[in-house]
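In: just a sequence and a predicted model for now, questions to come.
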Amino acid sequence: MPAPELEVIRDPLWDNIRLDRAALLALDTPAVQRLRYVRQLGHAFLVYPGATHTRFEHALGAYHLTKRALAALHERDELDAATERDCSAVRLAALLHDIGHYPFSHALEEAGFPSHEAEGVARLVEGELGQALHEIGGPGLAGEVGALIRGRSRSPLQGLISGSLDLDKIDYLSRDARMCGVPYGTVDVDRLLSSLTIVEAAPGRPELGVHEKGVSALESLLFAKYQMYRNVYWHHAVRSATCMFKRAARDAVRQGVVPAGAIGTLTDDAFMELLVTHGKSRLAHAVRARRLYKRALDLPASEVPADGGAWAADDPDLLERAEDYLGREVGLAPGELLLDFPARSSMLSVDLPLRTRDGSIERLTDEGRAGQLGLPRVADELYRSARRLRVFVARPVALADHAVLSLVTRTAADLAASLPDGRPALDFTGSVA
């Protein structure tokens, strides 16, 4: 049966979302429908019961905002540098940007799995979705959409998908705040969209920028992001569940319960069922029953040297070895002590052109702009205030702060050389390295 030319979907955040034929062809494929069963915020629903919204809803929202942005640019005659094919590709990229997402949000990428963008781009040419994209725009469309998703396109509309003003960010902050029932994700969406502009920041390279009148709206976006990380995404109980799940997932791959390459095709519930039923994972059982590990240590990042602990976010294999070493020191079994020091150094980064009121073009960066954008100049302090170093444990133990800090502040090379060998590292091809 051929796809209709237009359908309207009701959305709790943006009301009516109008889907054109190309979107409907892509939407009605297994790769996209899977997103109905992948929660947007992973285990945040264990803290915020309303946070059961999915990647599917978010994909629709990002698509809707992209259509609104294109309409605003068209009304001001600012789409001359973009072809109709550019516009079609960017709408589809917004809709499909999360098709490679693993179960439970970003947890598995933290655990060392390949990026969801890379996984998603590979799926653009596979199965029914690959056929749909070929029908929509021929054999080259999947590559164009993939380049946009990975931030590598030379399209003047690249900034709508990846960058300081990407519409993915606007939707997830607004949607996550609404569904969690918190007041932190407030973004001046209408002002921001009406302030978008296409500028030639370098000769022959048109790109997305913002009018000077939209600087306050841009600051609202950045501050909303900070508030959501501090209060929702990095909430201590959310992070405890996330750490437990990461360890359970890595154990399952190591034990051969599921090949690493197959996890990206699963839904949240399907993967948890594998962990609990086939993997017999004690950690997965505990997460499902919300018997979360408690904090034995909770320090602000300001008490950790600025260059300390990078390996905790960058090297999951080393992190496991450090956790088990600390656990043994306080009488805990492997997997009963988990260390968490999440990192997102680009949380408040800005890099985009600014069209001033007199028509000249400047560039907004992390240094801000005198009298215009002050938030990036204090971004490092805000980032450090949102970040916490935590140790979660299965049962109460006495854990000295200095013992953890002395471990965290060591370099990865020094720590790796001094710790006893742990379990085999994972290579994420379904085998153990």
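Out: Sure, I can see it.

In: for the host helix or strand of residue 247, list the C-alpha coordinates in PDB.
Out: Per DSSP states H and E: residue 247 is located in helix 236-254. Taking C-alpha atoms only, helix 236-254 is exported to PDB below (Å, rounded to 0.1, in the frame of the first residue of the first chain):
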ATOM      1  CA  HIS A 236      22.800  10.300  41.900                       C
ATOM      2  CA  ALA A 237      20.100   7.600  41.700                       C
ATOM      3  CA  VAL A 238      20.000   7.800  37.900                       C
ATOM      4  CA  ARG A 239      23.800   7.500  37.900                       C
ATOM      5  CA  SER A 240      23.700   4.500  40.300                       C
ATOM      6  CA  ALA A 241      21.300   2.600  38.100                       C
ATOM      7  CA  THR A 242      23.300   3.600  35.000                       C
ATOM      8  CA  CYS A 243      26.600   2.300  36.500                       C
ATOM      9  CA  MET A 244      25.000  -1.000  37.600                       C
ATOM     10  CA  PHE A 245      23.500  -1.500  34.100                       C
ATOM     11  CA  LYS A 246      26.800  -0.700  32.300                       C
ATOM     12  CA  ARG A 247      28.600  -3.300  34.400                       C
ATOM     13  CA  ALA A 248      25.900  -5.900  33.800                       C
ATOM     14  CA  ALA A 249      26.000  -5.200  30.000                       C
ATOM     15  CA  ARG A 250      29.800  -5.600  29.900                       C
ATOM     16  CA  ASP A 251      29.600  -8.800  31.900                       C
ATOM     17  CA  ALA A 252      26.900 -10.200  29.500                       C
ATOM     18  CA  VAL A 253      29.100  -9.500  26.500                       C
ATOM     19  CA  ARG A 254      32.100 -11.000  28.200                       C
END
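
In: pLDDT on that helix, on average?
Out: Taken as a whole, helix 236-254 has an average pLDDT of 97.

In: gap between stretch 235-251 and the chain center?
Out: When distances are taken as CA atoms, centre = their mean, to the nearest Å, stretch 235-251 is centred 16 Å away from the chain's centroid.

In: same check on stretch 59-79?
Out: Distance, centroid of stretch 59-79 to centroid of chain: 22 Å (CA atoms, centre = their mean).

In: kindly report the same for stretch 351-368.
Out: With CA atoms, centre = their mean, you get 26 Å for stretch 351-368.

In: which SS state does residue 261 fall under?
Out: helix (DSSP: H, G, I helix; E, B strand; the rest coil).

In: for it, report the pLDDT, please.
Out: According to the model, residue 261 scores 91 on pLDDT.

In: now do residue 309
Out: pLDDT, residue 309: 85.

In: and if you look at residue 75?
Out: Confidence score, pLDDT, at residue 75: 95.

In: from what I can see residue 63 touches residue 20, true?
Out: No - using CB atoms under 8 Å, residue 63 makes no contact with residue 20, being 9.6 Å away. Backbone N, C-alpha and C define where each C-beta goes, glycine included.

In: of these two, give the one with the bigger neighbour count.
Out: residue 63 (27 against 16; other CB atoms under 10 Å).

In: pull the number of nearby residues for residue 273.
Out: 15.

In: before we move on, back to that, common neighbours of residue 63 and residue 20, please.
Out: Common contacts of residue 63 and residue 20, defined by CB atoms under 8 Å, 6 or more residues apart in numbering, comprise residue 91.

In: what ranges do the strands span in the stretch 101-250 of the chain?
Out: 196-202, 205-211 (DSSP state E, counting those that start in this stretch).

In: for residue 168, find the nearest of the ones you listed.
Out: Judged by CB to CB, the one of those that comes nearest to residue 168 is strand 205-211, at 13.4 Å.

In: quick one: contacts for residue 408?
Out: Taking CB under 8 Å, 6+ apart, one finds 304, 308, 309, 312, 339, 341, 389 in contact with residue 408.

In: grab the nearest non-local neighbour of the fourth one.
Out: Leaving aside its sequence neighbours, residue 312 sits nearest to residue 341 (CB to CB, 6 or more residues apart in numbering; 4.1 Å).

In: also residue 324?
Out: residue 334 (4.6 Å).

In: mind checking how far stretch 348-366 is from the chain centre?
Out: Remark: stretch 348-366 is offset 25 Å from the chain centroid, using CA atoms, centre = their mean.

In: with stretch 60-80 instead?
Out: Here stretch 60-80 is found 23 Å from its chain centre; the criterion is CA atoms, centre = their mean.

In: so residue 207 touches residue 197, yeah?
Out: No - contact criterion CB under 8 Å: residue 207 and residue 197 do not qualify, at 9.9 Å.

In: sorry, back to before: from the contacts of residue 408, which land in helices?
Out: residue 312 (DSSP state H).

In: what's the neighbour count on residue 378?
Out: Residue 378 has 12 nearby residues by other CB under 10 Å.

In: contacts only, for residue 407.
Out: 322, 325, 326, 415.

In: local confidence estimate at it?
Out: The confidence metric pLDDT takes the value 91 at residue 407.

In: what are the ranges of the strands in the stretch 251-400 of the chain?
Out: 294-300, 337-340, 352-355, 361-364, 388-393.

In: figure out which of those strands is closest to residue 243.
Out: strand 337-340 (4.1 Å).

In: most packed of the strands of the stretch 101-250 of the chain?
Out: Highest mean neighbour count of the strands of the stretch 101-250 of the chain: strand 205-211, a mean of 20 (counted as mean count of other CB atoms under 10 Å).

In: tell me, how many neighbours does residue 229 end up with?
Out: 20.

In: how close does it get to residue 338?
Out: According to CB to CB, to the nearest Å, residue 229 stands 20 Å off from residue 338.

In: now do residue 23
Out: From residue 23 to residue 338 the distance is 41 Å (CB to CB).

In: cool, and residue 413?
Out: 23 Å.

In: these two - which one has more neighbours?
Out: residue 338 (25 against 10).
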